[in-house]
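Q: Fold the following for me, if possible:
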Amino acid sequence: METYAHSFFTWALSKHGVKAGRAAGVAGAVGAVLPDIPAFVGTVYFAVKSGGFWVEEDLERIYFSGPFGATGSALHSVVPVAILLGLYWALRLGRSDRRRVFLWFLLGWFGHTIVDFLTHVDDLRPLFWPISSWMWASPISYYNPRYYGVQFMLVSHASMLAIMAVLLVRRLRRYRKTGPPKE
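A: Below you'll find the model as predicted:
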């Protein structure tokens, strides 16, 4: 799934779905972006280094090898985020995380990892790294038209539009009843 879609859906779920609040929504959106940050940094690095011209080896180093690819693989693994979620509950951090900011950051990260596992066909990451290098090619791609990528993109973007429309209608109805929001 596209990074912005991970972020949007996590924000919508945390802020408007379970009503965890604004801070939790922002934290969830940031957590959902986290696994792709090494690829963004690597892209900028190699674009600057090469003057904006790509070579195939650069893409390999951005996504799968070298410091950017290795970090991306670690962040796309469920192992580190599952350990952190386990510690969150074992140490009862929810008592001090009243607004659930850290919890939603971790849930955004975890959700990104799981959705990528379910929607990547040819750009795979090991789900249980560093414990195992096992990878699975999903039958559905978030972008590859040979694996329902067009349909997936239509559904995901239509879902985002539908959510935005519902939120806009809610806000307009609330505005008519109470006037402008007081923030």
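
Q: Which residues in stretch 47-63 does the neighbour count mark as buried?
A: When neighbours are counted by 16 or more other C-beta atoms under 10 Å, the buried residues of stretch 47-63 are found to be 58-59, 61-63. For every residue, glycine as well, the C-beta is placed using N, CA and C.

Q: cool, stretch 111-122 as well?
A: Neighbour-count burial for stretch 111-122, with 16+ other C-beta under 10 Å as criterion, is recorded at 111-113, 115-117, 119-121.

Q: what mean pLDDT does that stretch have?
A: Per-region confidence: stretch 111-122 scores 96 on mean pLDDT.

Q: which residues of this protein fall in helices?
A: In the chain, helices defined by DSSP state H lie at 3-11, 22-33, 37-50, 56-63, 66-75, 78-90, 101-119, 149-178, listed in chain order.

Q: so which of those gets nearest Trp136?
A: Distances from Trp136 to each of the helices of the chain were compared using C-beta to C-beta; the minimum, 7.0 Å, belongs to helix 101-119.

Q: Between helix 66-75 and that closest one, find me the angle.
A: Using axes from the mean of the first three to the mean of the last three C-alpha atoms, to 10 degrees, the inter-axis angle of helix 101-119 relative to helix 66-75 is 100 degrees.

Q: can I get the CA coordinates of helix 101-119 in PDB?
A: What follows is helix 101-119, C-alpha atoms only, in PDB (Å, rounded to 0.1, in the frame of the first residue of the first chain):
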ATOM      1  CA  VAL A 101       0.100   8.200  21.800                       C
ATOM      2  CA  PHE A 102       2.900   5.500  22.000                       C
ATOM      3  CA  LEU A 103       0.300   2.700  21.600                       C
ATOM      4  CA  TRP A 104      -1.100   4.200  18.400                       C
ATOM      5  CA  PHE A 105       2.400   4.800  17.100                       C
ATOM      6  CA  LEU A 106       3.200   1.100  17.500                       C
ATOM      7  CA  LEU A 107      -0.200   0.100  16.100                       C
ATOM      8  CA  GLY A 108       0.400   2.200  13.000                       C
ATOM      9  CA  TRP A 109       3.800   0.600  12.500                       C
ATOM     10  CA  PHE A 110       2.400  -2.900  13.100                       C
ATOM     11  CA  GLY A 111      -0.500  -2.200  10.700                       C
ATOM     12  CA  HIS A 112       1.900  -1.000   8.000                       C
ATOM     13  CA  THR A 113       4.000  -4.200   8.300                       C
ATOM     14  CA  ILE A 114       0.900  -6.500   8.100                       C
ATOM     15  CA  VAL A 115      -0.700  -4.700   5.200                       C
ATOM     16  CA  ASP A 116       2.600  -4.600   3.200                       C
ATOM     17  CA  PHE A 117       2.900  -8.400   3.900                       C
ATOM     18  CA  LEU A 118      -0.600  -8.900   2.400                       C
ATOM     19  CA  THR A 119      -0.100  -6.600  -0.600                       C
END
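
Q: what packs against that helix?
A: Other elements packing on helix 101-119 under the criterion 3 or more C-beta pairs under 8 Å, 6 or more residues apart in numbering; DSSP states H and E are helix 3-11, helix 22-33, helix 78-90.
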